[in-house]
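**Student:** quick one: sequence plus predicted model below, questions after.
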Amino acid sequence: MLSGALRLVNDTPPAADSFGISRRRFLASAATLGGGLLLGKAAWHEPRTFILEERQLHLAKIPPGPGLRIVHLSDLHLRSLPRTFATAVETINKLRPDLILLTGDYLDQARQLEGAIQFIRKLSAAQGIFAIQGNWEYWARLEGEPLRRGLAAAGAELLIDERRDLLIRGIPVSILGIDYPSASHNLETVSRLATRGRVNIALSHVPAFSHNKLAGLADLILSGHTHGGQVRLPYVQPFYLPRFSLPYISGLYRVTEKHIPLYVNRGMGTSLLPVRFLCPPEITLLTLGNPPGAELPWRRPPRDTSGDRSGSVEHR
């Protein structure tokens, strides 16, 4: 009896290997599975999951009423028209925008414009679709008249340091298209075209430029180019941002002493690598109106003018 009891007390559980797996192998398998899930999210799920970002802005020049509804799209980087973009068309058109504004980079590494043309052709806006060109159009040597003709075939008008005037429900609106890279001569040309009494919406592919040259003229600036960093980690600066980006990464900022709103779109496509992580592609709906109170309070981050020589910077 005693020896049997002792045998029971001294018995130990079978080794983990007798179950066919060790703790180390289990942890390695779990890490592989977790990495695979993250890779799947970054390479498949997130690039195909568009987020509708809605912002309300108070502009003093707009009288009380329904205001203006603007869809802002950027950085399509399309070779063909995938199903996800066809679904995005439905979302955009259901918003019934007054305007659709495109801020550059329509093609991908194959230098093909047809996918973007197919996509834009399906879009609808009551007062039209207006576009500017970005660095990828220059890289592909499709800038200027070839791009103008391609976009015109899709129902969009390309603006190269040009102004287009509209009257939307009695509101005089001007679209100011600034050519890449929004250098001083581009800004001077556009500033000479602007009229202070109109609602002036400036389109610039890049967000970091001398905003002061538009102070007192532009009421809103729309940009893209950054992709929001494309791959993000919480509380960490993006691993890569293209030139003429910082300190503007994504979202709504205020620039210059005039506090001009600057909105930076994360883009719909991907660049360099076909991945996104914690930085989903974006469709933006901006409602411009009056009275005040439609906007949330602004907060001011630490001053960073590394990409801008225009003075104050605020971000929400």
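**Tutor:** Cool, the structure landed. No experiment lies behind these values; they were computed from the predicted model shown.
**Student:** and Asp161, what does it touch?
**Tutor:** Neighbour list for Asp161: 177-179, 186, 189-190 [criterion: CB atoms under 8 Å, 6 or more residues apart in numbering]. The C-beta positions use only the backbone N, C-alpha and C, and glycine is treated the same way.
**Student:** I'd assumed Leu102 was in a helix, is it?
**Tutor:** No. Per DSSP: H, G, I helix; E, B strand; the rest coil, Leu102 lies outside any helix segment and is strand.
**Student:** measure it to Ile260 for me?
**Tutor:** Look at Leu102 and Ile260: by CB to CB, to the nearest Å, they are 20 Å apart.
**Student:** who has more neighbours, the two?
**Tutor:** Just comparing Leu102 and Ile260: by other CB atoms under 10 Å the higher neighbour count belongs to Leu102, 30 against 22.
**Student:** contacting residues around the more buried one?
**Tutor:** Per CB under 8 Å, 6+ apart, neighbours of Leu102: 73-74, 76, 120, 129-132, 156, 203.
**Student:** what subset of the residues you listed is buried?
**Tutor:** The neighbour-count criterion (16 or more other CB atoms under 10 Å) marks 73-74, 76, 120, 129-132, 156, 203 among the contacts of Leu102 as buried.
**Student:** would you turn the contacts of Asp161 into TSV with pLDDT and secondary structure?
**Tutor:** As requested, the contacts of Asp161 are exported to TSV (pLDDT from 0 to 100; DSSP: H, G, I helix; E, B strand; the rest coil):
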residue	pLDDT	secondary structure
Gly177	98	strand
Ile178	98	strand
Asp179	98	coil
Asn186	97	helix
Thr189	97	helix
Val190	97	helix
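**Student:** circling back to that earlier point, okay, the buried ones among the contacts of Leu102 in a markdown table with distance to Pro281 and pLDDT next?
**Tutor:** Formatted as a markdown table, the buried ones among the contacts of Leu102 follow (distance: CB to CB, whole Å; pLDDT from 0 to 100):
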| residue | distance to Pro281 | pLDDT |
| --- | --- | --- |
| Leu73 | 10 | 98 |
| Ser74 | 10 | 98 |
| Leu76 | 10 | 96 |
| Ile120 | 16 | 97 |
| Ile129 | 19 | 98 |
| Phe130 | 21 | 98 |
| Ala131 | 18 | 98 |
| Ile132 | 19 | 98 |
| Ala156 | 19 | 98 |
| Leu203 | 19 | 98 |
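**Student:** break the protein into its domains for me.
**Tutor:** Domain ranges of the chain: 14-48, 51-315, per automatic domain parsing.
**Student:** between these, which gets the lowest average pLDDT?
**Tutor:** Mean pLDDT across the domains of the chain is lowest at domain 14-48; the value there is a mean of 48.
**Student:** tell me the secondary structure at Ala88.
**Tutor:** Classification of Ala88 using three-state DSSP returns helix.
**Student:** number of nearby residues for it?
**Tutor:** 22.
**Student:** I'd say it and Glu282 touch.
**Tutor:** No. If you go by CB atoms under 8 Å, Ala88 and Glu282 don't touch, sitting 10.3 Å apart.
**Student:** find residues that contact each of the two.
**Tutor:** Jointly contacting Ala88 and Glu282 under the rule CB under 8 Å, 6+ apart are 50, 268.
**Student:** buried set for the helix or strand that contains Pro146?
**Tutor:** Remark: Pro146 resides in helix 145-153, with elements defined by DSSP states H and E. Residues 147-148, 150-151 are the ones in helix 145-153 that count as buried (16+ other CB under 10 Å).
**Student:** what's the answer for stretch 179-195, then?
**Tutor:** Here stretch 179-195 shows 179-182, 186-187, 189-191, 194 as buried, counting by 16+ other CB under 10 Å.
**Student:** with respect to Tyr138, which of those is nearest?
**Tutor:** Nearest to Tyr138 out of the buried residues of stretch 179-195 is Tyr180 (CB to CB; 6.4 Å).
**Student:** which residues does the nearest residue to that closest one once chain neighbours are set aside contact?
**Tutor:** What sits nearest to Tyr180 in space, not counting adjacent residues and going by CB to CB, 6 or more residues apart in numbering, is His205, at 4.8 Å. Counting by CB under 8 Å, 6+ apart, His205 makes contact with 74, 103-105, 132-135, 178, 180-182, 223-225.
**Student:** check Ile171 too.
**Tutor:** Applying CB under 8 Å, 6+ apart, the residues contacting Ile171 are 61-63, 68, 199.
**Student:** okay, the buried residues of stretch 179-195 in JSON lines with distance to Ile171 next?
**Tutor:** Listed next are the buried residues of stretch 179-195 as JSON lines, based on distance: CB to CB, whole Å:
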{"residue": "Asp179", "distance to Ile171": "26"}
{"residue": "Tyr180", "distance to Ile171": "28"}
{"residue": "Pro181", "distance to Ile171": "31"}
{"residue": "Ser182", "distance to Ile171": "26"}
{"residue": "Asn186", "distance to Ile171": "26"}
{"residue": "Leu187", "distance to Ile171": "25"}
{"residue": "Thr189", "distance to Ile171": "25"}
{"residue": "Val190", "distance to Ile171": "20"}
{"residue": "Ser191", "distance to Ile171": "21"}
{"residue": "Ala194", "distance to Ile171": "16"}
